[in-house]
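*Asks:* this one's sequence-less:
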């Protein structure tokens with residue numbers, strides 16, 4: 001976490017004399033990384049303060065702890081953890097954009113997209129679904145960003161809101177935090193191209209840690225604001241995409257949720273970073289983003305610890321029930337499904353976990369249902385089963 005005693009460039013402006021402040025900015029540029037981009041007539045740069053180094057050390061430790069905990073989970077638990085993060089990611093990114101959706105609707109689309117009817121959220125759900133199934137694939141060209149945008153926003157925006165330039169928007173646009181204007185997006189389109197070229201170069205390099213690169217690239221993308229609508233959705237998707245290259249899937253699919261939970265802090269960091277008194281020092285934005293990443297891991301670690309304890313509790317209670325060996329194994333899988341998924345698990349998932357065919361699983365499910373130990377729920381064409389924990 002950022003040391004509150006070590007102020008950002010923006011906040012140092014209010015505490016140092018003019019001479020001290022100018023000397024600090026000059027030294028920070030000299031020691032940091034200067035990017036081939038100028039905003040408001042000044043170079044864009046990043047200076048890694050000591051507090052940011054501390055945050056990166058903490059992130060490395062939390063990432064290691066998370067990976068160790070994740071490896072201790074069953075396949076069902078791992079899969080459902082990732083899926084629940086993905087559902088929350090899409091839900092929160094829709095919420096931030098003011099697009100109505102429900103977690104149940106997103107869950108259904110992820111599980112049975114072939115039957116989906118085209119709507120405002122089907123395109124974004126499909127892109128995240130494919131990202132989960134196909135994994136990381138780098139983006140190298142400006143045209144790729146436009147193709148990604150078109151796929152994410154298909155059916156979600158009006159014709160008048162679609163890009164009207166060569167690749168991006170042709171006219172100017174104001175960037176807001178939902179209440180007030182922050183700045184005008186880059187203009188003309190050639191300036192957008194310039195900024196996004198830096199974004200792509202940074203995302204595909206290894207000059208900084210992923211956490212720093214992604215935060216800087218995200219800021220520059222949102223600052224450029226290449227589209228009339230859907231910039232936040234596209235920018236957060238890019239965060240998840242590049243996180244998948246080297247970070248755990250659950251982490252990659254929870255970034256939007258963490259930002260959504262700290263939306264006021266996110267917009268405050270953006271506002272301070274783009275202020276002319278910050279002189280384009282991107283560390284002002286990177287610091288709060290590293291805080292978000294820390295919270296992401298802490299949330300996931302606590303969720304795993306809490307869920308493991310709950311699974312152990314309910315599996316312990318199963319021991320007191322008069323069940324056959326097959327029923328007990330099936331019930332044990334249902335415990336995991338009940339804890340790790342809001343809706344439970346399908347028959348095919350249970351069969352795979354037990355190494356049985358679905359007919360055998362159905363026999364055990366029917367038996368447990370007669371004993372009132374199962375709850376079932378149909379979502380779309382699929383039926384999901386979970387343990388009736390109140391019966392234990």
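*Replies:* Here it is on my side, so go on. From a predicted model like this one, the values you see are computed outputs, not experimental measurements.
*Asks:* domain ranges for the chain, per the record?
*Replies:* If you go by automatic domain parsing, the domain ranges for the chain are 49-302, 322-391.
*Asks:* now render these as CSV, adding mean neighbour count.
*Replies:* The C-beta positions use only the backbone N, C-alpha and C, and glycine is treated the same way. Converted to CSV, those look like this (neighbours: other Cβ atoms under 10 Å):
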stretch, mean neighbour count
domain 49-302, 18
domain 322-391, 17
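*Asks:* can I get the ones you listed in TSV with distance to residue 31?
*Replies:* Formatted as TSV, those follow (distance: least, Cβ to Cβ, whole Å):
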stretch	distance to residue 31
domain 49-302	10
domain 322-391	46
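*Asks:* to residue 43, which of those domains lies closest?
*Replies:* Ranking the domains of the chain by proximity to residue 43 (Cβ to Cβ) places domain 49-302 first, at 6.5 Å.
*Asks:* mind naming the longest helix for the protein?
*Replies:* Criterion DSSP state H: the longest helix present in the chain is helix 283-318.
*Asks:* so the following helix or strand past it versus helix 283-318, what angle?
*Replies:* Per DSSP states H and E, the first helix or strand lying C-terminal to helix 283-318 is helix 325-340. Orientation check (axes from the mean of the first three to the mean of the last three Cα atoms, to 10 degrees): helix 325-340 against helix 283-318 gives 150 degrees.
*Asks:* confirm residue 63 sits in a helix?
*Replies:* Yes. Using DSSP: H, G, I helix; E, B strand; the rest coil, the assignment for residue 63 is a helix.
*Asks:* what about it, distance to residue 246?
*Replies:* Note on residue 63: its distance to residue 246, by Cβ to Cβ, to the nearest Å, is 10 Å.
*Asks:* for the residue most central in space within the chain, give me phi and psi.
*Replies:* Nearest residue to the geometric centre of the chain (Cα atoms, centre = their mean): residue 255, 2.8 Å. Main-chain torsions, residue 255, degrees, to the nearest 10: phi -60, psi -50.
*Asks:* surely it touches residue 292?
*Replies:* Yes. Using Cβ atoms under 8 Å, residue 255 is in contact with residue 292, at 7.3 Å.
*Asks:* joint contacts of the two?
*Replies:* Listed as contacting both residue 255 and residue 292 by Cβ atoms under 8 Å, 6 or more residues apart in numbering is no residue at all.
*Asks:* can you redo the domains of the chain as JSON lines with mean pLDDT?
*Replies:* Below are the domains of the chain laid out as JSON lines (pLDDT from 0 to 100):
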{"stretch": "domain 49-302", "mean pLDDT": "93"}
{"stretch": "domain 322-391", "mean pLDDT": "93"}
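*Asks:* for the closest residue in space to residue 164 that isn't next to it in sequence, helix, strand, or coil?
*Replies:* Leaving out its chain neighbours, the residue that sits closest to residue 164 by Cβ to Cβ, 6 or more residues apart in numbering is residue 170, at 4.7 Å. What three-state DSSP gives for residue 170 is coil.
*Asks:* which residues sit in contact with residue 170?
*Replies:* By Cβ under 8 Å, 6+ apart, the contact set of residue 170 is 163-164, 188-189.
*Asks:* go with 10 Å
*Replies:* The contact partners of residue 170, taken as Cβ atoms under 10 Å, 6 or more residues apart in numbering, are 163-164, 187-189, 228.
*Asks:* ok so, going back, now the residue nearest to the centre of the chain: how far from residue 48?
*Replies:* Using Cβ to Cβ, we find residue 255 at a distance of 21 Å from residue 48.
*Asks:* check the gap between the nearest residue to residue 93 once chain neighbours are set aside and residue 356 for me.
*Replies:* Distances taken as Cβ to Cβ, 6+ apart put residue 256 closest to residue 93, at 4.3 Å, once the chain neighbours are dropped. According to Cβ to Cβ, residue 256 and residue 356 sit 38 Å apart.
*Asks:* same deal with residue 304?
*Replies:* Distance, residue 304 to residue 356, using Cβ to Cβ: 27 Å.
*Asks:* rewinding a little: in which helix or strand does the residue nearest to the residue nearest to the centre of the chain when sequence neighbours are not counted reside?
*Replies:* Nearest non-adjacent residue to residue 255, counting by Cβ to Cβ, 6+ apart: residue 239, 5.0 Å away. Per DSSP H and E: residue 239 is located in helix 231-246.
*Asks:* go on, residue 21?
*Replies:* Taking DSSP H and E as the criterion, residue 21 maps to helix 18-31.
*Asks:* follow-up on the earlier one: wait, what's in contact with the residue nearest to the centre of the chain?
*Replies:* Contacts of residue 255 were listed using Cβ under 10 Å, 6+ apart, and they are 85, 89, 92-93, 214, 218, 236-237, 239-240, 243, 247, 289, 292-293, 296.
*Asks:* can you tell me how far it is from residue 41?
*Replies:* Residue 255 is 32 Å from residue 41, where distance means Cβ to Cβ.
*Asks:* for residue 160, same thing?
*Replies:* According to Cβ to Cβ, residue 160 and residue 41 sit 33 Å apart.
*Asks:* now the helices for the stretch 1-150 of the chain?
*Replies:* Under the criterion DSSP state H, counting those that start in this stretch, helices of the stretch 1-150 of the chain are mapped to 9-12, 18-31, 50-71, 75-96, 103-111, 122-134, 142-153.
*Asks:* ok, now which ones touch the closest residue to residue 281 other than its chain neighbours?
*Replies:* Leaving aside its chain neighbours, residue 281 sits nearest to residue 9 (3.9 Å; criterion: Cβ to Cβ, 6+ apart). Residue 9 makes contacts with 16, 21, 24-25, 28, 45, 47, 49, 272-273, 275, 277-284, as judged by Cβ under 10 Å, 6+ apart.
*Asks:* rerun that using 8 Å as the cut-off
*Replies:* When contacts are counted by Cβ under 8 Å, 6+ apart, residue 9 touches 24-25, 28, 47, 278-279, 281, 283-284.
*Asks:* ok, now how distant is the residue in the chain sticking out farthest from the centre from residue 371?
*Replies:* Largest separation from the mean C-alpha position in the chain: residue 322, at 43.5 Å (Cα atoms, centre = their mean). Applying Cβ to Cβ, the value for residue 322 to residue 371 is 9 Å.
*Asks:* understood, closing this out.
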